[in-house]
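> The sequence and its predicted three-dimensional model are supplied below.
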Amino acid sequence: MSRRVLAAFTVLMAATGAALTGPAHAAPPAPAPPAPAAAAASADVVREPLPPGFDGTAPAPLPTAVTRAEMAANAVRCEGDGVTGKRVEVLYVREAAQASRYALYAPTIRTWMANVDDAFNDSAAKTGGSRHVRFVTEAAGTGCQVVVRNVTVPNGTFTGNNWATIKAAVAAQGYNRTDRKYMVFDENSAVCGGADPDNDETPGPSSRWNLGPRYLEVGPGCWGANAAAHELGHLFGAVRDSAPHADGAGHCVEEWDLMCYGSAVSAYTCGEKDHDRLLDCGNDDYFHTNPPAGSYLATHWNSANSEFLIKGSTPDNDDGHLRGGRSYVITNAATGHALEPLNGSTAPLTEISQRPVSGAQTQRWLLNYATGWRLVNVASQLCLDDYYSQTAPGTTSLQYYCEQSNGMAWALQPVGNGRYAMINYLTGYALTSQGAHPAKLAQYPYTGDVTQQFTLTPVAESAPAAGNTYTFTSRHGTHMSVPNATVGAFVTHTAIGTATIQRWTLQAGNAAGRFRIVNAATGLCLRPETTATTAGLRLQQVTCGTGNEQNWTIRRYADTRYGFINVATGQAASLLTGAAGANVTQQPYQGGDSSGGLADRVWGLIKVS
């Protein structure tokens, strides 16, 4: 997980401007004796600075009505009285002279904790178990909600961004229990996050990782579920220096992984981008619910054994929560019709309407998380966007080239009955039905009306297979194609259409798991212009043969999105620009992302025959 993405994942929810009403303030626990010496963290504090471009400003909170509905629909796991035993306790912390934003943010912080719990429990399901964070909770409705404490520390506590000073100030307010890990959302704008480290390898209950108090910090510029889950991963013991894929600085080198980022990343073992919110890509460094006998995690500390987690021996994460990397048909609760660009168009700047569910690819939307949910139309590979960055009530939506902008970021918040509100980060308004096609969907303040509620139904995905013919759609909303039937012609791209030169057939390659990519019009095979590993070499069509330069492996990135890696060069087919006449070239795969976080090294595949 890149440092940019660590923060970008967490810049949440544009607001409607209405203040949120927080819960009654619960008194802090009685001061407990200081932690024993065995629980003391080493001096090498894991601190995560603000990424470039982030100024420490907090994200805006969710609209009140959405937050209340979210808690009713997506509660965390309740256990016991909510207080007894080893638990994660959530704190909002400010200096005395700083204006309190507790009432505004406490409900939103609770929604983030549900997402944190999903990250841990989805990770546990990979190895056949369940793991829920044991939060300090209080009764709410028929269940419980996370307690968010309101804490004030002396002025000057954040001056100098000294973690020891901040922790001491928090502990002095009574938050120093030996059965607690404290999650601190503070108003220290100088940092993204940080956590108490340790490098204890002891695998059993006596490990120092099971002791408290320990603290993590999330600064306002990184408030949100992803940074909180990342720092909690540190408090639960990730990633120790001895781990097989450790970078020696508390992180790992094997993407995609919640705890891996930075220049030390050397492998993209877990190719699906949704894994960036999950723990332990290979389940061999720090998290496994049932590690094989004699393995590293059977003989060293395993974060899945933390006594601050609620453990189960079978997965229980199939609760319908949304998953990045999956595609959905999105239907409005009032009409039952599916979101679709007007008239099923794949052109950029087409506004969004709805039509009866038909199974068309234009009604299929891929969820991708990068600074909020991005909704990518499968047919066009364009993102659901606010209309020309307008912010007035009644603003419509359209599809446009995917980029990092708040207009393309959406909060998909459960509101009960399996439905979601779709809140735009830029406007703070909810996507709203205005009737059947060709009426355009607009954005208005969320009221809870059924016109603002949507059901997301997952679509089954079939892996690419030899003998099938596909279109390859770039993130620029164009199809990979060839200019003519000439042997040696360089591969380019053209506007989405139905021409045979835009269709490609997969043939079995020269070994298992390999494919030749054959143009349906010319019968010629795709390959780089030479077998050099140089980035930027163009791809061309040539007479088909059996050499490795004509063989490709396919890496899944998400539903309908795949990377194509040349066997001879190890480079990926890529379209870096949407300019007319631009050639498809080979580039390092890098997990599918370019340096800008956009997937120009993956292609949208739609089967046509």
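Structure received. Numbering: from 1, shown residues only.
> Just give the number of residues close to the closest residue to Gly344 other than its chain neighbours.
Excluding the flanking residues, the one nearest Gly344 by CB to CB, 6 or more residues apart in numbering is Thr362, at 4.4 Å. Quick note: C-beta positions are derived from backbone N, CA and C, even for glycine. Neighbourhood size, Thr362 [other CB atoms under 10 Å]: 22.
> Compute the distance between Thr362 and Asn199, please.
Between Thr362 and Asn199 the distance is 52 Å, computed by CB to CB, to the nearest Å.
> Check Asp284 too.
18 Å.
> Likewise for Thr137?
From Thr137 to Asn199 the distance is 31 Å (CB to CB).
> between the two, who's got more neighbours?
Thr137 (24 against 15).
> residues touching the more buried one, list them.
Neighbour list for Thr137: 76, 78-79, 82, 144-147 [criterion: CB atoms under 8 Å, 6 or more residues apart in numbering].
> Pull out the buried residues from the residues you listed.
The neighbour-count test (16 or more other CB atoms under 10 Å) applied to the contacts of Thr137 identifies 76, 78, 82, 144-147 as buried.
> Make a markdown table out of these and add secondary structure.
Shown next, in a markdown table, are the buried ones among the contacts of Thr137 (DSSP: H, G, I helix; E, B strand; the rest coil):
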| residue | secondary structure |
| --- | --- |
| Val76 | coil |
| Cys78 | coil |
| Gly82 | coil |
| Cys144 | strand |
| Gln145 | strand |
| Val146 | strand |
| Val147 | coil |
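> now for those, which pair is the farthest apart?
Cys78 and Val147 (12.0 Å; CB to CB).
> got the buried residues for stretch 229-244?
By neighbour count on 16+ other CB under 10 Å, the buried set for stretch 229-244 is 229-240, 243.
> mind checking how far that stretch is from the chain centre?
With CA atoms, centre = their mean, to the nearest Å as the basis, stretch 229-244 stands 19 Å off its chain's centre.
> How about the contacts made by Leu309?
By CB under 8 Å, 6+ apart, Leu309 lies in contact with 120, 131-134, 236.
> what stretches of the chain score poorly on pLDDT?
The chain contains residues with pLDDT under 70 at 1-46, 49-74, 370-372, 593-598.
> Tell me the first helix or strand C-terminal of the lengthiest helix in it.
Ranked by residue count and defined by DSSP state H, the top helix of the chain is helix 102-125. Using DSSP states H and E, the next helix or strand after helix 102-125 towards the C-terminus is strand 130-133.
> Pairing partners for that following strand, with directions?
strand 309-312 (antiparallel) (DSSP bridges).
> From the contact counts, what lies against the next helix or strand after the strand it pairs with?
Following strand 309-312 in sequence order, the next helix or strand is strand 327-332 (DSSP H and E). Applying 3 or more CB pairs under 8 Å, 6 or more residues apart in numbering; DSSP states H and E, one finds that strand 327-332 contacts strand 338-341, strand 365-369, strand 454-458.
> quick one, domains of the protein?
3-27+34-312, 327-458, 469-607 (automatic domain parsing).
> And the helices in the chain?
Remark: helices assigned in the chain by DSSP H are 3-8, 64-73, 102-125, 163-172, 225-235, 296-299.
> any idea which of those is most buried?
helix 225-235 (a mean of 26; mean count of other CB atoms under 10 Å).
> next one: it to chain centre, how far?
Distance of helix 225-235 from the chain centroid (CA atoms, centre = their mean) equals 13 Å.
> elements contacting that helix?
Counting contacts by 3+ CB pairs under 8 Å, 6+ apart, helix 225-235 is packed against helix 3-8, strand 46-48, helix 102-125, strand 180-186, strand 193-195, strand 214-218.
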